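Participant: attaching a predicted model along with its sequence, questions to come.
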Amino acid sequence: MLNAMEESHRERLIKNLEEKDPELLRKIRKEMFVFEDLKLLTDQEFQILFRDSEMELWLLALRRSSSAMKAKVMSNISTVTRAVIKEEMDARGLRKLSDVATAQEKLVEAARQLAQQNKIALPEGKT
């Protein structure tokens with residue numbers, strides 16, 4: 001519903017929620033824009049996000065991502081970086097799902113921050 005609202009109404013509602021129930025707002029935002037939505041960024045926007053993020057976050061986040069997301073990452077990085085990511089992911093053992101989820105959430109938050117700075121645009125309807 002929030003994604004479909006007019007932006008000014010959505011922003012007012014979000015501001016009210018932020019003041020009255022920040023935990024509920026966090027949960028709503030989590031549902032509005034998720035890690036897999038990052039693959040909808042343009043290649044240029046994705047590269048900006050990748051450069052502005054820690055490699056460790058990507059290594060964790062990609063552990064439980066779709067093949068489409070992995071393909072998006074691999075197609076937007078250099079050959080050397082691609083080799084490092086593949087090597088690191090192969091060399092590391094299993095990771096806790098909570099660590100993977102946290103890494104994915106941090107990358108989503110990084111994308112939101114870049115969007116607020118007008119460095120990237122989130123996919124339509126994703127705030």
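Facilitator: Right, received. Where do you want to start?
Participant: contacts, neighbours, all on C-alpha from now
Facilitator: Will do.
Participant: got a list of what the closest residue to Lys39 other than its chain neighbours touches?
Facilitator: Leaving aside its sequence neighbours, Lys39 sits nearest to Met69 (C-alpha to C-alpha, 6 or more residues apart in numbering; 5.6 Å). The contact partners of Met69, taken as C-alpha atoms under 8 Å, 6 or more residues apart in numbering, are 36, 38-39, 62.
Participant: and Met69, how far from Gln104?
Facilitator: 12 Å (C-alpha to C-alpha, to the nearest Å).
Participant: tell me the confidence at the residue nearest to Lys39?
Facilitator: Here the pLDDT value assigned to Met69 is 96.
Participant: tell me how far it lies from Phe35.
Facilitator: Noted for Met69: a distance of 9 Å to Phe35, by C-alpha to C-alpha.
Participant: quick revisit: please identify the helix or strand for the residue nearest to Lys39.
Facilitator: helix 67-75 (DSSP states H and E).
Participant: and the next element down the chain from that helix?
Facilitator: That would be, after helix 67-75 and using DSSP H and E, helix 79-91.
Participant: buried ones in that next one?
Facilitator: The neighbour-count check on helix 79-91 (16 or more other C-alpha atoms under 10 Å) flags Ile85 as buried.
Participant: tell me the mean pLDDT over it?
Facilitator: Averaging pLDDT along helix 79-91 gives 92.
Participant: kindly report the same for stretch 11-28.
Facilitator: Stretch 11-28 carries an average pLDDT of 86.
Participant: buried stuff in it?
Facilitator: In stretch 11-28, counting by 16+ other C-alpha under 10 Å, buried: 14, 17, 25.
Participant: packing partners of the helix or strand that Glu109 is a member of?
Facilitator: Assigned by DSSP H and E, Glu109 belongs to helix 97-116. Under the contact criterion of 3 or more C-alpha pairs under 8 Å, 6 or more residues apart in numbering; DSSP states H and E, helix 97-116 touches helix 43-51, helix 55-61.
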